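Enquirer: structure of the sequence below:
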Amino acid sequence: MIFYRSGANLHGIIRTMRWVFLCLILLGMAFPSNGGAQAFCALRDPHTAIVELFPQATSHRSMVRRLGPGEQRELRRRFSEDLPNYEFGEHTVYAVFRDREPLGVVHVRSEKGTWGLLEIAWALDLDLRLRAFRLQRGYEAGASDLLAGPFPDRLAGLGLEQLSREKALGLDSALLVDLPEEQKVFGAALLQAAPRAIAATRVGWQSDLAELRALAQSDAGQGEPG
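Expert: Residues are numbered from 1 along each chain as shown. Model prediction:
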């Protein structure tokens with residue numbers, strides 16, 4: 001057993017332990033383990049979420065891909081979007097089907113909010129146009145009213161180029177002009193996030209999307225009269 005003659009040494013040890021703890025946190029963010037990476041982009045209740053986003057869905061399939069420095073460079077070069085280093089690891093996109101017919105995909109992305117991280121599930125068609133979205137986790141002022149109002153329908157059908165233009169306009173976007181201030185701030189945050197989600201899906205799941213499109217065209221061809 002060790003006894004201290006004064007509180008000075010004890011305070012010094014406590015300060016040292018705090019610095020060690022902080023360093024461990026920073027190292028963990030810089031070099032995430034595979035186990036930590038598994039948590040990226042996962043639907044908490046896949047069946048319920050997918051049916052909400054794709055009411056005609058009868059099944060889905062998980063497509064897990066690893067995103068890293070190569071995808072980060074491509075996102076920056078092609079789309080002026082970024083993939084933070086702490087997101088390097090395995091991510092999941094869900095392919096959604098009605099029987100054998102591919103309907104689209106769902107990609108959950110984490111975004112920084114006012115009160116912490118937000119998890120947003122983006123539903124995209126096979127051409128990566130936005131169909132719908134839902135806030136899976138997190139709190140933002142005005143979020144409930146925004147999601148219950150006309151704003152989600154305004155985004156439906158928009159692709160990467162259109163959303164990128166609205167993103168550049170920020171709070172001056174025509175999609176936001178008539179919204180109350182709290183809703184407008186959250187809406188602008190969604191306009192920032194949507195192009196990044198679509199670009200990341202395009203870069204990370206190129207081959208998967210090509211297969212889904214080919215399957216959709218094959219099914220459409222079989223349904224044509226001879």
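Enquirer: from here on, contacts and neighbour counts on C-alpha atoms
Expert: OK.
Enquirer: so what touches the lengthiest strand in the chain?
Expert: Longest strand in the chain, counting residues (DSSP state E): strand 101-113. Strand 101-113 has contacts (CA atoms under 8 Å, 6 or more residues apart in numbering) with 40-43, 50, 54, 57, 92-97, 117-126, 128, 138-140, 193, 197, 201, 212-213, 215-216, 219.
Enquirer: take those and keep only those in strands.
Expert: 92-97, 117-124.
Enquirer: hmm, which of the residues you listed is lowest in pLDDT?
Expert: Within the ones in strands among the contacts of strand 101-113, Leu117 has the lowest pLDDT, namely 83.
Enquirer: check the secondary structure at His47 for me.
Expert: Secondary structure state of His47, per DSSP: H, G, I helix; E, B strand; the rest coil, is helix.
Enquirer: list the contacts for Val96?
Expert: 50, 54, 57-61, 102-106.
Enquirer: out of these, which end up buried?
Expert: Neighbour-count burial (16 or more other CA atoms under 10 Å) is assigned, among those, to 50, 54, 57, 59-60, 102-106.
Enquirer: got CSV for those, with pLDDT and distance to Ser144 too?
Expert: Output for those, formatted as CSV (pLDDT from 0 to 100; distance: CA to CA, whole Å):
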residue, pLDDT, distance to Ser144
Ile50, 96, 19
Phe54, 97, 20
Ala57, 97, 25
Ser59, 96, 28
His60, 96, 27
Pro102, 97, 30
Leu103, 98, 27
Gly104, 98, 25
Val105, 98, 24
Val106, 97, 21
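Enquirer: and the residue most central in space within the chain, bridged to which residues?
Expert: In the chain, the residue lying closest to the centroid (CA atoms, centre = their mean) is Arg109, at 1.4 Å. Beta-bridge partners for Arg109, by DSSP bridges, are Ile120.
Enquirer: so, low pLDDT: which residues of the protein?
Expert: For the chain, the stretches with pLDDT under 70 are 1-41, 221, 223-226.
Enquirer: can you rerun that using 80?
Expert: 1-42, 113-115, 219-226 (pLDDT under 80).
Enquirer: all helices of it, in order?
Expert: Listed in chain order, the helices of the chain (DSSP state H) span 7-30, 34-37, 46-53, 69-74, 143-148, 151-155, 160-169, 181-204, 206-223.
Enquirer: any chance of those in TSV, plus distance to Leu83?
Expert: As requested, the helices of the chain are arranged in TSV below (distance: least, CA to CA, whole Å):
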stretch	distance to Leu83
helix 7-30	13
helix 34-37	14
helix 46-53	24
helix 69-74	5
helix 143-148	25
helix 151-155	23
helix 160-169	16
helix 181-204	8
helix 206-223	17
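Enquirer: just to revisit the earlier point, can you say which of the contacts of strand 101-113 are buried?
Expert: Judged by 16+ other CA under 10 Å, buried ones among the contacts of strand 101-113: 40-43, 50, 54, 57, 92-97, 118-126, 128, 138-140, 193, 197, 201, 212-213, 216.
Enquirer: still on that earlier bit, among the helices of the chain, show me which one is buried the most.
Expert: Ranked by mean neighbour count under mean count of other CA atoms under 10 Å, the helices of the chain are led by helix 181-204, which reaches a mean of 20.
Enquirer: now that one, how far from the centre of its chain.
Expert: 9 Å (CA atoms, centre = their mean, to the nearest Å).
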